[in-house]
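1. Dropping the sequence and predicted coords here.
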Amino acid sequence: MRTKENSNPGYKYLTTYILATVIYDLTVKFCAHFIASYRQKEQMTQAARSDKSNIAEGYTFQSTEGYLKLLGTACGSAQELVEDFEDFLRQRKLQIWSKDDPRVRNFRMFRAVWVSPNFPNTPNLPNSPEEAANLLLTFCQMQTFLLKRQMEGLRKKFILEGGFREKLFRERRNNLL
């Protein structure tokens, strides 16, 4: 039960949702600063929005299977952004920093949290297009990793507990006995 002090729906506490919010906000800023094509801006911001929205929508499903499908869609959207940021860097002959680069290791130390309701600790977007794209590329890769772990946890839960229909059937059967 939610109280006045704790009125956020449960998905707002998921690291994947908070990170998706950070990615969405930074992608909007990135596109405004560095992307000229309206169509590309729309595609990138919609992919970032889809990541965030599918996590929220999936969480509200009573079906673990439906939740898994929407997390898979969120993961696909985050991966689409990975491709977009890699394309941005390649097409401008900018460097994609390796995962062992100290700057990337520094980006990977970021932990998304709420600093106040609906406002995560979003870092400033770097002024350099190379640094900004690599920051977002790293965050998107972190997101896909975390979403895959979340999905694996849900798969294990589904195997142990079954799905929505199975739970209802068990309740029905128990009530008939």
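-> Alright, I've got the coordinates.
2. buried set for the longest helix seen in the chain?
-> If you go by DSSP state H, the chain has its longest helix at helix 129-161. Buried residues in helix 129-161, counted by 16 or more other Cβ atoms under 10 Å: 129-130, 132-144, 146-147, 150-151, 154, 158. Every residue, glycine included, has its C-beta placed from N, CA and C.
3. continuing past that helix, what's the next helix or strand?
-> helix 164-176 (DSSP states H and E).
4. From the rest of the structure, what touches that following helix?
-> For helix 164-176, contacts defined as Cβ atoms under 8 Å, 6 or more residues apart in numbering pick out 62, 63, 64, 65, 161, 162.
5. The residues you listed into JSON lines, with extra columns for pLDDT and distance to residue 48?
-> Formatted as JSON lines, those follow (pLDDT from 0 to 100; distance: Cβ to Cβ, whole Å):
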{"residue": "62", "pLDDT": "77", "distance to residue 48": "27"}
{"residue": "63", "pLDDT": "82", "distance to residue 48": "26"}
{"residue": "64", "pLDDT": "85", "distance to residue 48": "25"}
{"residue": "65", "pLDDT": "84", "distance to residue 48": "25"}
{"residue": "161", "pLDDT": "78", "distance to residue 48": "32"}
{"residue": "162", "pLDDT": "72", "distance to residue 48": "34"}
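6. So which of those residues is surrounded by the most neighbours?
-> Scoring these on neighbours with other Cβ atoms under 10 Å, the highest-scoring entry is residue 64 at 20 neighbours.
7. Would you enumerate the residues in contact with the nearest residue to that residue once chain neighbours are set aside?
-> Of all residues not flanking residue 64 in the chain, residue 158 sits nearest, at 4.5 Å (Cβ to Cβ, 6 or more residues apart in numbering). Going by Cβ under 8 Å, 6+ apart, residue 158 touches 64, 65, 68.
8. you'd agree the first one is up against residue 160?
-> What it means is residue 64. No - proximity of residue 64 to residue 160 does not meet the contact threshold set by Cβ atoms under 8 Å, at 10.4 Å.
9. residue contacts, the residue nearest the centre of the chain?
-> Computing the C-alpha centroid of the chain and ranking residues by Cα atoms, centre = their mean puts residue 20 first, at 3.6 Å. By Cβ under 8 Å, 6+ apart, residue 20 lies in contact with 48, 51, 52, 55, 74, 78, 143.
10. And the furthest pair within these?
-> Across the contacts of residue 20, no pair lies farther apart than 48 and 55, at 11.8 Å, counting by Cβ to Cβ.
11. Out of the contacts of helix 164-176, flag the one nearest to residue 86.
-> Proximity of the contacts of helix 164-176 to residue 86 (Cβ to Cβ) peaks at residue 65, which lies at 31.7 Å.
12. element containing the closest one, please.
-> helix 64-91.
13. Pull out the buried positions in that helix.
-> 64, 67-68, 70-71, 73-75, 77-82, 84-85, 88-89.
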